[in-house]
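Undergrad: pasting the sequence and the predicted model now:
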Amino acid sequence: MEPCDHEPELPWYHYAHRHKNISFGKTLSPLSAQAELYLQTVANHIVSSSKQRLDGDLVMKSLICFIANCIDLHYSVDHYGCSYPRDVNIWSAHIPNFKADEFLAVVDYFEHFGAIDHKLGRYIELADGNTQSKFRPTEDFIDALADNEITLSIVQDATELVFNRTRHRTVKLKSGRTKTVEDKRRVYPSLTDEIKQIRQEVREFRRFLSGFEYSVNGLDHTIVYSKRRNGEPYRIVRHIKQSDFIDYRRVFRLEDDAILPMAGGRYYAGVCGFPKATRKQVHIDGVPVRRLDAANLHPRLAHAIVGVSTEHLGDPYDLDFDDGSVFNSIVDCEQRRDIIKTSVLIFMNAQSKTSALRAIADEIKTLDKYWTIAKELIDKIDNKYRAIRQITLKPICWKILQTCDAYAMSLMIKRAIERGICILPIHDELLCQDTPVTVEEVKQIMRDSYSDAVSHVRRIVNESDEYRFEVQCDVNKEIEKIIE
């Protein structure tokens, strides 16, 4: 379906009846007659018992969205089949004619029967941007959904490109202070020549991937993996389809930016959501896969783009804390590297020092004196990465890094297709058949692609008046450190 400037009207059953492939509860099953009857009965009861005049179709749609929010899975409410997390404020933005009244009527209905608790739970922003609902489903309600075999769908992606736009708005806190928050919205830009070309490339990649057979550990039926709900682990059985390995899409972020107005562009498919242990068991045409990871990608890419060497850097995730530091006195040795690695990645993608500080503090808030530790981490990281200080803690940093690694991945895909090699992109790593010839050839493709992507992004940035990167190092040598 062509991207368009408006959001098309679709019947409510697009979200529940057209794709019957995932069940909410402990297991998966097709949509049952019992589930259809349950949903319709509840919707009819809400309409008939409400003192308001409610739209029956919108009540049913709201009911489906409500149930999706109650389950710790991903659920699609997008017209073109893109999955969104169930706990993101997206309902009013992505469902045609969605209204707060119908949704709140559904919430009130289940609250009346003790199915949800408003005191704890997740926050949802509704149609007008001002109405909110906060709730958490009870365990009995979750079990009731499973008993009725409630089935909604993670719709298979039907479009090749996704475009998001972020807007900033000011929120007033209870303390009287204000803070700026980001809202991500799906947008439908006009088809430019660039967008048409990118879409065609993704289509060609899908056609190429469809010529191979994919399985997990020799089987192509189900995988079992664990998730957590309310702190308690439980198991989910997921049906694996060939389309999980084929239907890739690219996700871009549109910005009012003269340098990179269309940033990002990473590739996503169902396989990207598989647990790491499961991805290692993937087979392509019966051959086990090899995972080729880009080591310390963003720290080294940032230096390569700016044009400075990483010789002084050493281990990108090794920070020299004094013995008397709060970090060393509170954080266990086993936790230190993981915390530092997460903090460095936040630092690389943060748009300001304040946002980086808050994000790091939020990651380590279970620790004592977490705010002080976050400040120590920011200072140490900023000093370690002083050679690229002209881009860090600025909006330009995440844009050039994510655009660079996405552009490199697009080059890898083109070159792999030319050689007839099947590769599966998963964020910043690749899966390919584990044969010596294939692995070495893919590694060389990765080196060449990252090198070309660095030059491409540097050229774009240098064309602006704001930044000027002069190469002072051997870029190919820096790329060698990423692909070993």
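TA: Sure thing, it's come through. Numbering: from 1, shown residues only.
Undergrad: the longest helix seen in the chain - contacts with which helices or strands?
TA: With secondary structure taken from DSSP state H, the chain has its longest helix at helix 436-462. Under the contact criterion of 3 or more Cβ pairs under 8 Å, 6 or more residues apart in numbering; DSSP states H and E, helix 436-462 touches strand 287-293, helix 297-306, helix 395-419, strand 429-433, helix 475-482. Quick note: C-beta positions are derived from backbone N, CA and C, even for glycine.
Undergrad: of those, flag the one that's most buried.
TA: helix 297-306 (a mean of 24; mean count of other Cβ atoms under 10 Å).
Undergrad: can you list the buried residues in the longest strand anywhere in the chain?
TA: The residue-count maximum for a strand in the chain (DSSP state E) belongs to strand 161-172. Of all the residues in strand 161-172, those buried under the rule 16 or more other Cβ atoms under 10 Å are 161-163.
Undergrad: of those, closest to Phe469?
TA: Minimum distance to Phe469 across the buried residues of strand 161-172 is 27.5 Å, recorded for Phe163 (Cβ to Cβ).
Undergrad: which residues of the stretch 101-250 of the chain score low on pLDDT?
TA: For the stretch 101-250 of the chain, the stretches with pLDDT under 70 are 112-159, 168, 182-188, 218-239.
Undergrad: swap that for the stretch 301-450 of the chain, sorry
TA: Judged by pLDDT under 70, no stretch of the stretch 301-450 of the chain qualifies at all.
Undergrad: buried set for the longest helix of the chain?
TA: Here helix 436-462 shows 438, 441-443, 445-446, 448-451, 453-454, 456-458, 460-461 as buried, counting by 16+ other Cβ under 10 Å.
Undergrad: what's the answer for stretch 353-361, then?
TA: Applying 16+ other Cβ under 10 Å to stretch 353-361 flags 353, 356-361 as buried.
Undergrad: and for stretch 263-273?
TA: 263-271, 273.
Undergrad: about what we covered before: nearest to Glu201, out of the helices and strands packed on helix 436-462?
TA: helix 395-419 (6.7 Å).
Undergrad: and the closest one, what does it pack onto?
TA: So helix 395-419, by 3+ Cβ pairs under 8 Å, 6+ apart, packs with helix 193-209, strand 262-268, helix 297-306, helix 333-349, strand 423-426, helix 436-462.
Undergrad: report the angle between the axes of that helix and strand 262-268?
TA: With axes from the mean of the first three to the mean of the last three Cα atoms, to 10 degrees defining the directions, helix 395-419 sits at 50 degrees from strand 262-268.
Undergrad: how near is the closest residue to Val162 other than its chain neighbours to Lys443?
TA: Residue nearest to Val162 in three dimensions, not counting chain neighbours: Val251, with 4.5 Å by Cβ to Cβ, 6 or more residues apart in numbering. As judged by Cβ to Cβ, to the nearest Å, Val251 and Lys443 stand 26 Å apart.
Undergrad: what do you get for Glu470?
TA: 29 Å.
Undergrad: also Leu357?
TA: In terms of Cβ to Cβ, Leu357 sits 38 Å off from Lys443.
Undergrad: cool, Arg386 as well?
TA: Separation of Arg386 from Lys443 (Cβ to Cβ) stands at 31 Å.
Undergrad: residues contacting Gly264?
TA: Under the criterion of Cβ atoms under 8 Å, 6 or more residues apart in numbering, the neighbours of Gly264 are 251-253, 399, 402-403, 406.
Undergrad: returning to what we had before: so which of the buried residues of strand 161-172 comes closest to Asp474?
TA: Closest to Asp474, out of all of these and judged by Cβ to Cβ, is Leu161, at 35.4 Å.
Undergrad: quick check: bridge partners of the closest one?
TA: Beta bridges link Leu161 to Arg250, judged by DSSP bridges.
Undergrad: just checking, it touches Phe252?
TA: Yes - with contact defined as Cβ atoms under 8 Å, Leu161 and Phe252 form a contacting pair (6.8 Å).
Undergrad: from the recorded domain assignment, give the ranges for the chain.
TA: 12-152, 179-299+394-482, 314-384 (automatic domain parsing).
Undergrad: any idea how far Gln402 is from Leu345?
TA: For Leu345, the distance to Gln402 - Cβ to Cβ - is 12 Å.
Undergrad: over to Lys443?
TA: From Lys443 to Gln402 the distance is 22 Å (Cβ to Cβ).
Undergrad: Arg53 looks like it's in a helix, true?
TA: No - with DSSP: H, G, I helix; E, B strand; the rest coil as the criterion, Arg53 is located in coil rather than a helix.
Undergrad: can you redo the helices and strands packed on helix 436-462 as JSON lines with distance to Val42?
TA: JSON lines is the format used below for the helices and strands packed on helix 436-462 (distance: least, Cβ to Cβ, whole Å):
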{"stretch": "strand 287-293", "distance to Val42": "45"}
{"stretch": "helix 297-306", "distance to Val42": "47"}
{"stretch": "helix 395-419", "distance to Val42": "42"}
{"stretch": "strand 429-433", "distance to Val42": "43"}
{"stretch": "helix 475-482", "distance to Val42": "53"}
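Undergrad: that'll do, ta.
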